[in-house]
Structures are given as structure tokens and as C-alpha cells.
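Participant: I would like the atomic coordinates for the input below:
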Amino acid sequence: QVQLVESGGGLVQAGGSLRLSCAASGSIFSINAMGWYRQAPGKQRELVAAITSGGSTNIADSVKGRFTISRDNAKNTVYLQMNNLKPEDTAVYYCNAGIIRRYYEFRPTEYWGQGTQVTVSS
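Facilitator: Numbers count the residues shown, from 1 in each chain. Okay, here's the model as predicted:
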């Protein structure tokens with residue numbers, strides 16, 4: 001079994017900062033890309049940021065310059081540093097990872113965390 005456990009969400013005023021963490025645990029051989037998605041009420045889930053195992057990143061235009069994604073491969077953990085938060089950043093944030101559980105698997109399996117609420121007040 002593989003689990004992604006998120007932490008770090010909460011309530012913050014506009015202009016504030018939060019740092020989200022997501023740790024993968026369980027039967028893991030390797031982890032490919034890891035990322036963060038978010039879903040606001042009444043909207044579709046959207047990609048916020050992603051990072052490959054080699055450290056290449058992809059950041060959504062809406063958060064570029066404010067959010068930074070990083071990972072610690074030794075800890076199977078991905079982070080999302082969110083600065084200068086805006087009310088429109090309010091959403092449930094989900095961690096995502098492509099995980100290879102056994103050395104003989106050709107393709108990673110996609111896993112999701114349970115989500116963590118981020119609320120930004122104006």
C-alpha cells in the first residue's frame with residue numbers, strides 16, 4: 001500500500017504565506033513526478049505545480065513568482081511554498097505522485113493525497 005499524507009494547510013490573510021508538505025510512504029521503489037493540484041468550490045481541479053525526480057519544475061501561470069515547489073527524494077516528500085497568497089488561491093490542495101512500487105513495473109501508478117484546505121481571507 002502507498003499513502004500520500006499532506007500537511008500545512010490553514011487559514012491565512014491575504015499577503016501571507018503557507019508551506020504545504022506531502023510525504024509518500026509504503027511500498028515504494030521509486031517516485032517519478034510529484035505535484036500539487038487544487039480545486040476551488042464549483043471549479044475543476046487544476047495543476048498548481050509539478051516537479052520531476054530530477055528537479056525540473058512546471059508552475060501554473062496563476063501562481064508563478066509566488067509559489068515554489070521542491071522535493072526531498074530521500075524523504076519521499078514534496079513541498080509547496082506559497083507566498084503572497086491571494087483570496088483566489090483558496091481551495092483544497094491535493095498532492096499527486098507517480099509511484100513505481102516494484103522494480104519490474106514499467107509504468108508508475110498515480111496516487112493522490114486526501115487534500116488539505118487553504119483559505120485566504122481578504
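
Participant: Quick check: end-to-end length of stretch 50-63?
Facilitator: 12 Å (CA to CA, to the nearest Å).

Participant: Mind listing residues that contact it?
Facilitator: If you take CB atoms under 8 Å, 6 or more residues apart in numbering as the criterion, stretch 50-63 is touched by 30-36, 46-49, 67, 69-71, 73, 78, 82, 88-89, 96. (Each C-beta comes from the backbone N, C-alpha and C, glycine too.)

Participant: again, but for stretch 15-26
Facilitator: Counting by CB under 8 Å, 6+ apart, stretch 15-26 makes contact with 1-10, 12, 31, 34, 36, 75-85, 93, 95, 97, 99, 111, 113, 116, 118, 120, all of which sit outside it.

Participant: Filter these down to the buried ones.
Facilitator: 4, 6, 8-9, 12, 31, 34, 36, 76-80, 82, 85, 93, 95, 97, 99, 111, 113, 116, 118, 120 (16 or more other CB atoms under 10 Å).

Participant: That concludes my questions; thank you for your assistance.
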